[in-house]
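Trainee: sharing a model that was predicted from the sequence below.
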Amino acid sequence: MISALILVGGWCTRANGYPKFLFTCENKTFLERQIEELQSCTDEILVVGRDEEQIVLIPDKYPVVYIHDIRKNQGPAGGIHSGAWHAKGELLFATACDMPFLSRVVIRHLIRVSEGFDAVVPIWEDGKFEPLCAVYRRDAVRLFYDTHDLSSLKSLVQNLNTNFVPVQKLKALDPDRDVFLNVNDLELLSKIKEKL
């Protein structure tokens, strides 16, 4: 079984506090776009907020499980930690809510190459990696966070048995989508809408 984690817990400081999962593109919110794509390649979708108060603000119209961080103020690492403790799937695909162009083709490939690894993480040519468009083995994440600080996704990725997959190879699988685009502010959102 494969679970998807959509992390929505950020404070949206670069978007004047407006929730990025409610950004719209082609008449759908980012959250709707992500859920539609993930339904085709995962078995369960968990939306992970920072706390109960934030979860209440999310429109309750999606066929997903809503959870919140177990340990507060840990950023994305806290979201993955909480997801690992709530998910039913042995594999977790984790993403940020500001990535509207997820690709089932890319996700399926990441899942396929996870055999024998604790994580599969896209990596750029300069060595930076994408821990929020990646696959993790649930029990390995649980074990790591039982004995390590939560605040760093980099620490998680570097301490697991990780298969690093070149971003360029993944982009070639679905060249019409900007899979790794993060829309962090309203200015970039406007530019994207102008191009569509």
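Mentor: Happy to help now that I have it.
Trainee: how about the helix or strand hosting K154: buried residues?
Mentor: Using DSSP states H and E, K154 maps to helix 153-159. Of all the residues in helix 153-159, those buried under the rule 16 or more other C-beta atoms under 10 Å are 153, 156-157. Placement of C-beta: from N, CA and C, glycine included.
Trainee: tell me the strands beside the helix or strand just after it, with direction?
Mentor: Next helix or strand after helix 153-159 toward the C-terminus (DSSP H and E): strand 162-166. The strands beside strand 162-166 in its sheet (DSSP bridges) come out as strand 119-123 (parallel).
Trainee: with just CA atoms, put the helix or strand that comes right after the strand it pairs with into PDB.
Mentor: Sequence-wise, the next helix or strand downstream of strand 119-123 (DSSP H and E) is strand 133-137. This file holds the C-alpha atoms of strand 133-137, laid out as PDB (Å, rounded to 0.1, in the frame of the first residue of the first chain):
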ATOM      1  CA  CYS A 133       8.700  15.300  -4.000                       C
ATOM      2  CA  ALA A 134      10.100  12.000  -2.700                       C
ATOM      3  CA  VAL A 135       9.300   8.500  -1.500                       C
ATOM      4  CA  TYR A 136      10.100   7.300   2.000                       C
ATOM      5  CA  ARG A 137       9.700   3.900   3.600                       C
END
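Trainee: if we can go back for a sec, how far is the helix holding K154 from where the chain is centred?
Mentor: Taking C-alpha atoms, centre = their mean, to the nearest Å, the mean C-alpha location of helix 153-159 is offset from the chain mean by 15 Å.
Trainee: next: stretch 78-94.
Mentor: Centre to centre, stretch against its chain (C-alpha atoms, centre = their mean), the figure for stretch 78-94 is 10 Å.
Trainee: ok, stretch 92-107 next?
Mentor: 6 Å.
Trainee: with stretch 52-68 instead?
Mentor: Relative to the chain's own centre, stretch 52-68 is displaced by 16 Å; criterion: C-alpha atoms, centre = their mean.
Trainee: quick check: buried residues in it?
Mentor: So for stretch 52-68, counting by 16+ other C-beta under 10 Å, buried means 54-55, 58, 62, 64-68.
Trainee: can you get me the start-to-end distance on that stretch?
Mentor: End-to-end distance for stretch 52-68, by C-alpha to C-alpha, to the nearest Å: 6 Å.
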